[in-house]
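>>> Pasted the sequence and its predicted model underneath.
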Amino acid sequence: MSTTPLALYGPGLAVGRDVQVLHRAASREFSGWLEHTRSAGGCARPIRLTGTIAAVDRNTGRILSEQHTDELPDRTLYTACGNRRESACPDCAWVYQGDAYQVVCRGLTGGKGIPASVGRHPVVFATFTAPSFGPVHHRHVPRHTCRNRQRCDCRPAPCRARSNAGTCPHGQPAACFARHDVDDPRLGQPLCLDCYDHAHQVVWNYFSGELWRRTKQAIDRHLAATCRRRGIPKVGIVTASGKVRWVPPVRVSHGKVAEMQRRAAVHFHVLLRLDGVDPDDPDALVPPPAGITIDDLEDAIHAAVRQITVTTPAHPDRPQGWLIAWGEQVDVRRINTADGELMDGKVAAYLAKYAIKATEATGHQSTRLTPATIDDYADPEGGHLARLIDACWHLGRPTGTDIASGAATAGGRQGSLDTRPNAYAGLRRWAHMLGFGGHFLTKARRYSVTFGLLRDARATYRRAEDDDPTDIVTVGALTYAGSGWLTEGDALLANTAAAQRRQARRIGREELAHEAWLVGAAA
Ligand SMILES: [Zn+2]
Ligand SMILES: [Zn+2]
Ligand SMILES: [Zn+2]
Ligand SMILES: [Zn+2]
């Protein structure tokens, strides 16, 4: 057993990274260590585990061998952190992004257990936006001539050109004639911080998931009504108890990604696919009935967006609650139709890109905020982000007594103690997300393959690659020992090796490296 680097380079010992690298690489156990760390090699902050690992025969349940992590290099087992955020761990996010791409793409073209016939179902790609909470600096290009929108250098229109706009009650100009560059820090910032409705925006973010849920229900209802009007019969499904349940002959399966805009309002990019219902196999993915088309799907989306709003519960700061509705335009595009607006792969890559982001576009990044850290970020008199975070913290405060008195006045229940939890309490939990507490990628159960299936496929491939007999399973009784590499030098060595392996895999492959690699990896 070699001297552990932890003993040599413990906290307080200022040993340079280069020395750590030399020490590790010169050790006799180096190649074993590199192999040992391989499964977590690219991870920025792997999880370290200690305990016992047993190899068990899948057929007999017999323990074939047992090993304690003390016998392993560094006396720990390394496992990748699995963080989906690119800013937290680029490597784990890269794997997640590949999975997200697969999940989205399989729902469009089939594969991995999804029938290829889904490619012929009507599909649209819709973007649902938040309304305005006050004017912000923005960049609008009337006609793009650039090749890459991410690095767009086209000449934008003036931001908010108004000849006689004057000033707001706080003395701020209500117009902006600047033509903002893509990286202008003013983009997404309110023209006047005091006019801007920060409270409404964070409440909107917080309830946007509920707005989406009800909108999706309304889309389903609209389509069911269209079927009724056209005389397309319902489908009878025999339930487990032997009864027949009649359901509409179409359903909409979706895959959805949330994007946090620069102004820190959430919007959703959603793929909506029309499926039919097979009475003999309700879980099967079958085409919708012939009488329902992509036009009907579009109509249903537009109708639902116009119709659906959510009024949030009473809050002491606003007894009537807030109105949560979609922004003015919902952008609906067709995929793979004759006019070929959008292609499967492009849409899937677009969605996968957002699946590994959170609040990065806003400029804010922090972990969950606590009473100890909130003052570093929240300020009611501060900038845009500081005011949004302050609004989350302020609205999410414990308000039991406030609400009780409000309810007593409204309902005449004098003196009764209201113990309802504050419906806004979660805003504190999600203050670091500017109020948004939802998942960044969600999908309907039937839309596509699951992330779990893709992970299993990768693990199987890895075992096959390592010549592990597949009737042996590894079972661990492991406890958490810590996070991160033992030294910066270790991180550099493990990450570099992982980057080289990846580079080798990428050579000769095209832009969509994820697809290529993951198809190979899971085949
Ligand atoms: Zn990681
Ligand atoms: Zn401007
Ligand atoms: Zn452009
Ligand atoms: Zn103002």
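Perfect, I can see it now. Residues are numbered from 1 along each chain as shown. Ligands and ions are numbered 1, 2, ... in the order given.

>>> alpha carbons only for contacts and neighbour counts from here, please
OK.

>>> could you show me where the strands are in the stretch 201-350 of the chain, in order?
Taking DSSP state E, counting those that start in this stretch as the criterion, the stretch 201-350 of the chain carries its strands at 235-238, 244-247, 250-260, 266-276, 310-311, 323-324, 331-334.

>>> could you say what helices and strands the last one packs with?
Helices and strands touching strand 331-334, as assessed by 3 or more CA pairs under 8 Å, 6 or more residues apart in numbering; DSSP states H and E, comprise strand 123-128.

>>> just the angle between the strand it packs on and strand 266-276, please?
150 degrees (axes from the mean of the first three to the mean of the last three CA atoms, to 10 degrees).

>>> strand partners of strand 123-128, parallel vs antiparallel please.
Within its sheet, and counting by DSSP bridges, strand 123-128 is paired with strand 266-276 (antiparallel), strand 331-334 (antiparallel).

>>> if we can go back for a sec, let me have the strands of the stretch 201-350 of the chain in CSV, extended by mean neighbour count, mean pLDDT and distance to Met343.
Shown next, in CSV, are these (neighbours: other CA atoms under 10 Å; pLDDT from 0 to 100; distance: least, CA to CA, whole Å):
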stretch, mean neighbour count, mean pLDDT, distance to Met343
strand 235-238, 18, 92, 32
strand 244-247, 13, 93, 32
strand 250-260, 23, 93, 16
strand 266-276, 24, 94, 12
strand 310-311, 16, 95, 34
strand 323-324, 19, 96, 32
strand 331-334, 17, 90, 9
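
>>> between the ones you listed, which one is nearest to ligand 1?
In terms of CA to the ion, the element of the strands of the stretch 201-350 of the chain nearest to ligand 1 is strand 250-260, at 21.3 Å.

>>> got the strands of the stretch 201-350 of the chain as JSON lines, with distance to Cys159 columns?
Formatted as JSON lines, these follow (distance: least, CA to CA, whole Å):
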{"stretch": "strand 235-238", "distance to Cys159": "53"}
{"stretch": "strand 244-247", "distance to Cys159": "50"}
{"stretch": "strand 250-260", "distance to Cys159": "21"}
{"stretch": "strand 266-276", "distance to Cys159": "21"}
{"stretch": "strand 310-311", "distance to Cys159": "31"}
{"stretch": "strand 323-324", "distance to Cys159": "27"}
{"stretch": "strand 331-334", "distance to Cys159": "22"}
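
>>> Quick one: closest of those to ligand 2.
Nearest to ligand 2 among these is strand 250-260 (19.7 Å), distances taken as CA to the ion.

>>> what does that closest one contact?
For strand 250-260, the external contacting residues (CA atoms under 8 Å, 6 or more residues apart in numbering) are 104, 220, 223-224, 266-277, 288-289, 351, 354-355, 357-362, 439-447.

>>> List the buried residues for stretch 30-45?
Trp33, Leu34, His36, Thr37, Arg38, Ser39, Ala40, Gly41, Gly42, Cys43, Ala44, Arg45 (16 or more other CA atoms under 10 Å).

>>> Might one say that Gly489 is in contact with Asn495?
No: counting by CA atoms under 8 Å, Gly489 stays clear of Asn495, with 9.9 Å between them.

>>> where in the chain is pLDDT low?
1-14, 336-342, 400-421, 460-470, 505-523 (pLDDT under 70).

>>> who's in contact with the residue of the chain found nearest ligand 2?
Ligand 2 sits closest to His137 of the chain, with a gap of 3.8 Å, by CA to the ion. Contact analysis of His137 by CA under 8 Å, 6+ apart lists Cys159, Arg160, Cys176, Arg186, Leu187, Gly188, Gln189, Pro190, Leu191.

>>> Ok, Asp153 next?
Contacts for Asp153 (CA under 8 Å, 6+ apart) come out as Cys146, Asp181, Val182.

>>> among the residues you listed, which ones are buried?
If we count by 16+ other CA under 10 Å, these have these buried: Asp181, Val182.
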